[in-house]
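# Below are the sequence and a predicted model for it; my questions follow.
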Amino acid sequence: MGSLRHLLWLACCLAPVTGQVNTEAMRMEGLAAGLHGSLGGDLGFNRGNTTLLNLKTNLRLDHHSAWGHNFVVGQIGLVRSGAKEFTNRGFVHMRSVKTLGGRYFAEGFLQQQFDRSILLDNRQLAGGGLRIKWLANDSTAVGVLGLTTGFGIMWEREVTDSGQTVGADPDTRLLRSTNYLVLNWAIADKLALSSTTYFQFDIGNLQDYRLLLEGSLRVTLTRRITLVVNLNLRYDSEPPVGVAQPLDLALTNGLAFTL
């Protein structure tokens, strides 16, 4: 049952956020030393009055040791009706986390991503930084607050499909500062809050920045059923040409069942 719960958790936390990947949701702490992996996917096809193709695949590899934690995560998602695409996105993310001792960790990462919903043909990232665990990162103990921050720098290349828009640069390359704040708080015995906030800005142009917030409120209804309310917010001060709105906001709620 424990393995099934891990697979269900992985399927939920790998749900992509428009235009950016929440790498905090990819971390799996507490794994035994050694190599771990998983591979999964879904394929759905409807034909009749409506023709709909729904494809989703994901891959994960982890290696834990006294040195630190290395992992690779990848996903592809496609939703198409006839010739019209509603979703066409994917990414692969590689990260190495070196334990420095105590609350400090050094990180390095590489990422390749595309997302046709925001006209993103290709995004390449390479960077690193420092991760600091300020408070106990345990969301299961009542009253315990987990607080983690990260600071770093990354090289970014974005290739966008801007059509024939005059003055648009379809291929940009720049250095960005990437910073994040992770909060886990068991407010009460049956109430828990978690959130991840990213803030990234162009080092050469402070007016160009991105803000990503993913928050989750979990209310335990019974021993096996939990109410989950999720908030996803993404703001890009300078969105790609052809993307009308700088703000994307999604609020969802549902029930989670534990076996």
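Looks like it arrived, so ask away.
# For the nearest residue to Gln111 once chain neighbours are set aside, report the pLDDT, please.
In space, and not counting its chain neighbours, Gln111 is closest to Leu125: 4.1 Å by C-beta to C-beta, 6 or more residues apart in numbering. Any C-beta I mention is one placed from the backbone N, CA and C, and that applies to glycine too. The model reports Leu125 with a pLDDT of 94.
# where exactly do the strands run in this structure?
For the chain, strands defined by DSSP state E occupy the ranges 34-46, 52-64, 68-81, 84-101, 104-115, 120-133, 145-160, 171-188, 191-202, 205-220, 225-236, 247-257.
# in the shortest one, what's buried?
Read it as strand 247-257. Asp248 (16 or more other C-beta atoms under 10 Å).
# For that strand, which outside residues touch it?
Residues from elsewhere that reach strand 247-257, judged by C-beta atoms under 8 Å, 6 or more residues apart in numbering: 12, 18-19, 218, 221, 224-235.
# The fourth one now?
Surrounding strand 84-101, the residues in contact under the criterion C-beta under 8 Å, 6+ apart are 16, 21, 23, 26, 66-80, 105-117, 131.
# From those residues, list the buried ones, please.
Those of these that meet the buried threshold are 16, 21, 23, 26, 69-79, 105, 107, 109-111, 113, 115, 131, by 16+ other C-beta under 10 Å.
# returning to what we had before: ok, of the strands of the chain, where does mean pLDDT dip lowest?
strand 34-46 (a mean of 81).
# quick check, distance from that one to the centre of its chain.
Centroid separation between strand 34-46 and its chain, computed with C-alpha atoms, centre = their mean, to the nearest Å, is 17 Å.
# who does that strand pair up with?
Strand pairing for strand 34-46, using DSSP bridges, gives strand 52-64 (antiparallel).
# buried sites along the partner strand?
Applying 16+ other C-beta under 10 Å to strand 52-64 flags 54-56, 58-60, 62-64 as buried.
# is the nearest residue to Leu211 once chain neighbours are set aside in a bridge, and if so with what?
Spatially, and ignoring its direct neighbours in sequence, Leu211 is nearest to Tyr235 (4.4 Å; C-beta to C-beta, 6+ apart). Here Tyr235 sits in beta bridges with Leu211, Leu247, going by DSSP bridges.
# so what's Tyr235 up against?
By C-beta under 8 Å, 6+ apart, the contact list for Tyr235 reads 210-212, 246-248.
# What of Gln207?
Taking C-beta under 8 Å, 6+ apart as the test, what Gln207 contacts is 237-238.
# what's the distance between it and Phe201?
9 Å (C-beta to C-beta, to the nearest Å).
# can you check Thr226 too?
Taken as C-beta to C-beta, the span from Thr226 to Phe201 is 36 Å.
# cool, Lys190 as well?
Applying C-beta to C-beta to Lys190 and Phe201 gives a distance of 38 Å.
# Look up the closest residue to Gln245, ignoring the ones flanking it.
In space, and not counting its chain neighbours, Gln245 is closest to Pro239: 7.3 Å by C-beta to C-beta, 6+ apart.
# Pick out whichever of the contacts of Tyr235 sits closest to Val182.
Taking C-beta to C-beta as the measure, Val182 lies nearest Leu212 of the contacts of Tyr235, at 12.2 Å.
# chain center to stretch 212-224, what's the gap?
Distance, centroid of stretch 212-224 to centroid of chain: 17 Å (C-alpha atoms, centre = their mean).
# Please put the alpha-carbon coordinates of it into CSV.
This file holds the C-alpha atoms of stretch 212-224, laid out as CSV (Å, rounded to 0.1, in the frame of the first residue of the first chain):
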residue,chain,number,x,y,z
LEU,A,212,4.8,31.6,-9.1
LEU,A,213,2.7,30.6,-6.1
GLU,A,214,1.4,27.1,-5.5
GLY,A,215,-0.6,26.6,-2.3
SER,A,216,-2.6,23.7,-0.9
LEU,A,217,-4.9,23.5,2.1
ARG,A,218,-5.8,20.0,3.3
VAL,A,219,-8.7,19.3,5.7
THR,A,220,-9.0,15.7,7.0
LEU,A,221,-12.7,14.7,7.0
THR,A,222,-12.3,11.0,7.9
ARG,A,223,-9.4,8.5,8.4
ARG,A,224,-9.3,7.9,4.6
